[in-house]
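**Student:** turn this into a structure:
(chains A, B, C and D)
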2 protein chains.
Amino acid sequence: MSENVGRWLRDEIETAILSNEFSPGERLDEMVLASRFGVSRTPVREALMQLDAIGLIEIRPRRGAVVIDPGPHRVYEMFEVMAELEGLAGSLAARRLDDKTREAIAAAHRRCELSAEAGDSDAYYYDNEAFHKAIYAASRSDFLEEQCTQLHRRLRPYRRLQLRVRNRLATSFTEHCAIVDVIFAGDGEEARRLLRAHVGIQGERFSDLVASMATR
Amino acid sequence: MSENVGRWLRDEIETAILSNEFSPGERLDEMVLASRFGVSRTPVREALMQLDAIGLIEIRPRRGAVVIDPGPHRVYEMFEVMAELEGLAGSLAARRLDDKTREAIAAAHRRCELSAEAGDSDAYYYDNEAFHKAIYAASRSDFLEEQCTQLHRRLRPYRRLQLRVRNRLATSFTEHCAIVDVIFAGDGEEARRLLRAHVGIQGERFSDLVASMATR
DNA sequence: GTCAATTGTCTTGTATACAAGATCGATATT
DNA sequence: AATATCGATCTTGTATACAAGACAATTGAC
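**Tutor:** Have a look, this model is predicted:
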């Protein structure tokens, strides 16, 4: 629990939104939230203002806050940008790799291998996240790492859905192997290309996404 | 003036920060801001929470808000990400161009030409911004356009400084010409490459940036 | 004379009170 | 019966009050 209630509430509500406890389009009543968390309206409002600034909710004047519904097309656009940023992170990582970041990537990759072999979709979900974060960190660009982490958080629910589709888990791990190889080989441009392809949504994977979004 | 005071204040304070009226590291006193804008502390706090969420200021618990000082290295990282996003915008624009967006880019480009020929650095600054925004819009990706616009805003003061360095104005316009050509030719990959080079800071331009930041 | 501790003031964090606008329902009129 | 208008209630927006922590200054001791 963070030091001030406002920030704690922000994280709490953000998590609730990203875990789909508050559905897109749902209205967020300040009083309800306040009594639910046992605080007054003031810190709730501060948390909501922050979420509005981040773009997770929309506060329409005098009409309250609603959870933003990105919609399939916008989610696609977000993946498109994510792919680009991850590509940059990968290319920088390949060029700036050192012993520590190399070992961090290798360790996360090994954990992914275990989860993938076990066919444990939930475990792979977490290990996959750690793998990508290791690459962000290896880029040695604090700003890029922050941007990637933030966007990754917002896309978290959809990434999770994607892992459920047929064979995605094995495919994903195979792609990871190639990515690790080229990063360790120091080939920045190839790392960029592979990560862009790995993260991006192309072809029939878009309809998979739409389908899984409809049924969640 | 926006509908609610909080949002209005956010824009007001954000502008003040980005125009360097509030310097990096400066402490922002809630009461001072409240009386300056003739409101109570509540909307001021809400504005500050939003700016904290965006990353423009930092609110340390019980110790108040200070304007974040990115520092040369972080500004460089921001330009690096900006270059990547603009590259994506350019490549999408090249592929998705239609009559309306094509004309918008052409018009902005013509205004840049006039300012460049006149040697009017201030006018070129504005026209250049419009030119880049026309490309964001032509990408037809709302999310990407928002991300680009937001980052562009934060880098605004530094871009302005960059235009002051020797010959940058003429060089910039020359690069614009090439960019327009490849976008209009529909060459997405070349547009990406040229825009990345145009926006990114490489080699001696980094020391130019550091130098201009020190003397502002 | 210098360093540390304590007190006082200032600022932030949270709660509550009050005002203004929006939504929803009821009633009246066509 | 349907629609429009008026009003009541509920929610948000802003202000103010109060509490608690941080910083600074002054005083005392070594």
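**Student:** ok, A:Met213 - contacts?
**Tutor:** A:Pro72, A:Val75, A:Tyr158, A:Leu161 (C-beta atoms under 8 Å, 6 or more residues apart in numbering or on different chains). Where you see a C-beta, it was placed from the backbone N, CA and C, and this is true even at glycine.
**Student:** the last one falls within a helix, correct?
**Tutor:** If I follow you right, that is A:Leu161. Yes - applying DSSP: H, G, I helix; E, B strand; the rest coil, one finds A:Leu161 inside a helix.
**Student:** so it makes contact with A:Ala214?
**Tutor:** No - when contacts are counted by C-beta atoms under 8 Å, A:Leu161 is not listed as touching A:Ala214 (10.4 Å).
**Student:** neighbour-wise, which of those two wins?
**Tutor:** A:Leu161 (17 against 8; other C-beta atoms under 10 Å in any protein chain shown).
**Student:** what pLDDT does the more buried one get?
**Tutor:** We have a pLDDT of 81 for A:Leu161.
**Student:** repeat that for A:Arg216.
**Tutor:** Looking at A:Arg216, its pLDDT stands at 53.
**Student:** does DNA strand C sit close to stretch A:16-28?
**Tutor:** No - Stretch A:16-28 lies apart from DNA strand C when judged by C-beta under 7 Å from any atom of the strand; the minimum separation is 9.5 Å.
**Student:** what about A:Leu169, how many residues nearby?
**Tutor:** There are 21 residues near A:Leu169, going by other C-beta under 10 Å.
**Student:** let me know the helix or strand that the residue nearest to A:Arg60 when sequence neighbours are not counted is in.
**Tutor:** Excluding the flanking residues, the one nearest A:Arg60 by C-beta to C-beta, 6 or more residues apart in numbering or on different chains is A:Val66, at 7.5 Å. Taking DSSP states H and E as the criterion, A:Val66 maps to strand A:64-67.
**Student:** hmm, the residue nearest to A:Arg60 is touching A:Arg27, no?
**Tutor:** Yes - with contacts counted by C-beta under 8 Å, A:Val66 reaches A:Arg27, the gap being 5.3 Å.
**Student:** contact partners for the residue nearest the centre of chain A?
**Tutor:** With distances taken as C-alpha atoms, centre = their mean, A:His152 lies nearest the centre of chain A, 2.1 Å away. Contact analysis of A:His152 by C-beta under 8 Å, 6+ apart lists A:Met82, A:Glu129, A:His132, A:Lys133, A:Arg159.
**Student:** what's the spacing between it and DNA strand D?
**Tutor:** Separation of A:His152 from DNA strand D (C-beta to the nearest atom of the strand, to the nearest Å): 30 Å.
**Student:** quick one on the thing from earlier: would a markdown table of the contacts of A:Met213 with secondary structure be doable?
**Tutor:** Putting the contacts of A:Met213 into a markdown table (three-state DSSP) gives the following:
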| residue | secondary structure |
| --- | --- |
| A:Pro72 | helix |
| A:Val75 | helix |
| A:Tyr158 | helix |
| A:Leu161 | helix |
